[in-house]
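Participant: got a sequence here, can you model it:
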Amino acid sequence: MYTVKDILKKKGSEVVSIDPESTVYEALKKMAGHNIGALVVTKERKLMGIFSERDYARKIILMGKTSRDSKVGELMTDRMFAVKTTTTVNDCMRLMTEQRVRHLPVLENDELLGIVSIGDVVNKTIEDQKKTISQLEDYIVGKR
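Facilitator: A predicted model of the protein is given here:
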């Protein structure tokens, strides 16, 4: 069974973050520059929340606010669900589905070690299924 540690080993543990006092415009520029859909919001290395494209769409555009005048801290999602490096990929998928979230910070002893997205989880699941299918095919044709 694959774990978050396996995902981070492949994708790396770089976390792109932003200060809650930054403007939403700055956050959008940072997300575009890194080709990502969410930023971890930190203050003095402490995890405060997550700001995502979904937050932008629902809390800026629909509420008539502007991205240059609004602060990330006002609009971020502060109700987060974190995982550990030992959390299984299946448990991540279950948590993401049940809580309707797309990003999970990876924490160990209050230290931010990375972030796992729904795309990471789906890709690892597909990889695992391909491996299982290959092993079963080898077994059926007598390669083992």
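Participant: what sits against Val89?
Facilitator: Shown in contact with Val89 (CB atoms under 8 Å, 6 or more residues apart in numbering): 1-4, 6-7, 121, 124-125, 128. Just so you know, the C-beta spots here come from the backbone N, C-alpha and C atoms, and that holds for glycine as well.
Participant: quick one: the helices in the protein?
Facilitator: 4-11, 24-34, 53-56, 72-75, 89-99, 118-140 (DSSP state H).
Participant: got a list of contacts for the fourth one?
Facilitator: Just to be clear, that refers to helix 72-75. 18-24, 26-27, 39, 41, 48-49, 51, 55-56, 59-60, 65.
Participant: again, but for the first one
Facilitator: Counting contacts by CB under 8 Å, 6+ apart, the residues outside helix 4-11 that touch it are 83-89, 92, 104, 106, 113-114, 116, 120-121, 124.
Participant: and with 6 Å instead?
Facilitator: Helix 4-11 has contacts (CB atoms under 6 Å, 6 or more residues apart in numbering) with 83, 85, 87, 106, 114, 116, 120, 124.
Participant: thinking the last one is in contact with Thr3, fair?
Facilitator: No. Contact criterion CB atoms under 6 Å: Lys124 and Thr3 do not qualify, at 9.3 Å.
Participant: what about those two, which has more around it?
Facilitator: Lys124 (22 against 19; other CB atoms under 10 Å).
Participant: how far away is that one from Asp6?
Facilitator: According to CB to CB, to the nearest Å, Lys124 and Asp6 sit 7 Å apart.
Participant: residues in contact with Tyr56?
Facilitator: Going by CB under 6 Å, 6+ apart, Tyr56 touches no other residue.
Participant: please redo it, this time with the cut-off set to 7 Å
Facilitator: Taking CB atoms under 7 Å, 6 or more residues apart in numbering, we find Tyr56 in contact with 24, 28.
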